[in-house]
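Engineer: Compute the structure for the input listed below.
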Amino acid sequence: MRSDRNVEKEGIISFVTSGRRAMNNLQLYIAIGLPTIAVLASLVVSLFQISAVREDIREIRMDVKLITGKVADMDNRLSRIEDKLGLLPH
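Structural biologist: Numbering: from 1, shown residues only. Next up, the predicted model:
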């Protein structure tokens, strides 16, 4: 004969099924809550890492734009020197 009943002891409800104790509410909350908190914490850490990577990429783009501008300036200067000296570009 199978009997399912709730047993309350000191405010915590536990379930008795077929003469053996199953998990009480606190154990259930811990079993579900701790992994959930761990997953959420790892997601938050991942978001911070992604935002840091994005910031690094922005800095690299700014550096590349700066270098490209300097190369264009050097090209303009060399073109002017070639024009003054009458040299033909290769």
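Engineer: element containing the spatially most central residue of the chain?
Structural biologist: Central residue of the chain (Cα atoms, centre = their mean): Ser46, 2.0 Å from the mean position. If you go by DSSP states H and E, Ser46 is part of helix 25-85.
Engineer: Output the contacting helices and strands for that helix.
Structural biologist: In terms of contacts (3 or more Cβ pairs under 8 Å, 6 or more residues apart in numbering; DSSP states H and E), helix 25-85 is packed against strand 12-17. Glycine gets a C-beta too; all of them are placed from N, C-alpha and C.
Engineer: mind checking how far stretch 26-34 is from the chain centre?
Structural biologist: The chain centre lies 25 Å from the centre of stretch 26-34; the measure is Cα atoms, centre = their mean, to the nearest Å.
Engineer: what does stretch 65-82 give?
Structural biologist: In terms of Cα atoms, centre = their mean, the centre of stretch 65-82 is set 40 Å apart from its chain centre.
Engineer: And stretch 67-87, by the same measure?
Structural biologist: 45 Å.
Engineer: could you give me the average pLDDT of it?
Structural biologist: On average, the pLDDT along stretch 67-87 is 93.
Engineer: Dump that stretch to PDB, restricted to CA.
Structural biologist: Output of stretch 67-87 as PDB, limited to C-alpha atoms (Å, rounded to 0.1, in the frame of the first residue of the first chain):
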ATOM      1  CA  ILE A  67      48.200  54.900 -38.200                       C
ATOM      2  CA  THR A  68      46.200  55.000 -41.500                       C
ATOM      3  CA  GLY A  69      46.000  58.800 -41.200                       C
ATOM      4  CA  LYS A  70      49.800  59.100 -40.600                       C
ATOM      5  CA  VAL A  71      50.500  56.800 -43.600                       C
ATOM      6  CA  ALA A  72      48.200  59.000 -45.800                       C
ATOM      7  CA  ASP A  73      50.100  62.100 -44.500                       C
ATOM      8  CA  MET A  74      53.400  60.600 -45.400                       C
ATOM      9  CA  ASP A  75      52.100  59.700 -48.900                       C
ATOM     10  CA  ASN A  76      50.900  63.300 -49.400                       C
ATOM     11  CA  ARG A  77      54.300  64.600 -48.300                       C
ATOM     12  CA  LEU A  78      56.200  62.200 -50.500                       C
ATOM     13  CA  SER A  79      54.000  63.200 -53.500                       C
ATOM     14  CA  ARG A  80      54.800  66.800 -52.900                       C
ATOM     15  CA  ILE A  81      58.500  66.100 -52.700                       C
ATOM     16  CA  GLU A  82      58.300  64.100 -55.900                       C
ATOM     17  CA  ASP A  83      56.500  66.900 -57.700                       C
ATOM     18  CA  LYS A  84      59.100  69.500 -56.500                       C
ATOM     19  CA  LEU A  85      62.000  67.300 -57.600                       C
ATOM     20  CA  GLY A  86      60.300  66.300 -60.800                       C
ATOM     21  CA  LEU A  87      60.400  62.600 -60.000                       C
END
